[in-house]
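K.L.:
Following is a predicted model, sequence given first.
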2 protein chains.
Amino acid sequence: MSDDAIDYEAPLPPYRQIADAIIGGINRGELRPNRPIPSEATMIQRWGVARDTARRAVRYLRAQGYTYTVPQRGTYVADGSDNGVS
Amino acid sequence: MSDDAIDYEAPLPPYRQIADAIIGGINRGELRPNRPIPSEATMIQRWGVARDTARRAVRYLRAQGYTYTVPQRGTYVADGSDNGVS
DNA sequence: CATCATTTGTTCGTATGTATC
DNA sequence: CGATACATACGAACAAATGAT
């Protein structure tokens, strides 16, 4: 997560900028498989965005297969195969 | 009970990690039918968790059919072949 | 008999996460 | 952004029953 600033003038919407920052962290190995990504509250504070925006970023990451969410627990970096969490 | 370390950032909540450790002990025969599993106080010491977490683990084991609890006495490994695993 | 240690039962409060509206 | 709900975890305190001394 190299940058902490959101560019509201950029073509890429804020939630995608955050998602890309997370993806960058995953690709650099800073965020490892089955480890939690920053919580919604952390994203809200770190990037100064609304909860909706943080949630959009999480939903996007999940839709792209980068992460998986465990209800009442957190969102974690996917490890390629299907997680076996019950 | 091979492992006595709790991973608080794991997708599986602490009480489930403890429960799984107990189940492992049962399946390996270290904890035998009608013999007591570790007391709440022991779990607290061994895994360094709060009593609430230890109790959740016990409640889970009981709900899954692995153990039965005798009030003011302890929790014991259930006999019979039913593991409660569906 | 009384005392003590052990163990589970119960209830209060605080905190962090996600889920939903 | 707010408010609410739910699951989880930690901490503390007290109650009640059991078993050993």
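P.N.:
Ah, there it is.

K.L.:
Can you find the helix or strand of chain A with the lowest average pLDDT?
P.N.:
When the helices and strands of chain A are compared on mean pLDDT, DSSP states H and E, helix A:40-47 comes out lowest with a mean of 89.

K.L.:
Which residues of chain A lie near DNA strand C?
P.N.:
Within chain A, the positions near DNA strand C by C-beta under 7 Å from any atom of the strand are A:36, A:39-42, A:51, A:55, A:58, A:69, A:71-75. In short, each C-beta sits where N, CA and C put it, glycine included.

K.L.:
Which member of the residues you listed is positioned nearest B:Q17?
P.N.:
Of all those, B:Q17 sits closest to A:R73, with 12.3 Å by C-beta to C-beta.

K.L.:
Per-residue pLDDT of that closest one, please?
P.N.:
Here the pLDDT value assigned to A:R73 is 90.

K.L.:
Right, and DNA strand D sits closest to which residue of chain A?
P.N.:
A:Q72 (3.7 Å; C-beta to the nearest atom of the strand).

K.L.:
how far is the least confident helix or strand of chain A from where the chain is centred?
P.N.:
10 Å (C-alpha atoms, centre = their mean, to the nearest Å).

K.L.:
So, low pLDDT: which residues of chain A?
P.N.:
In the predicted model, chain A carries pLDDT under 70 at residues A:1-4, A:80-86.

K.L.:
Would you map the helices across it?
P.N.:
A:14-27, A:40-47, A:51-63 (DSSP state H).

K.L.:
Please work out the angle formed by the directions of the least confident helix or strand of chain A and helix A:14-27.
P.N.:
Counting by axes from the mean of the first three to the mean of the last three C-alpha atoms, to 10 degrees, helix A:40-47 lies at 100 degrees to helix A:14-27.
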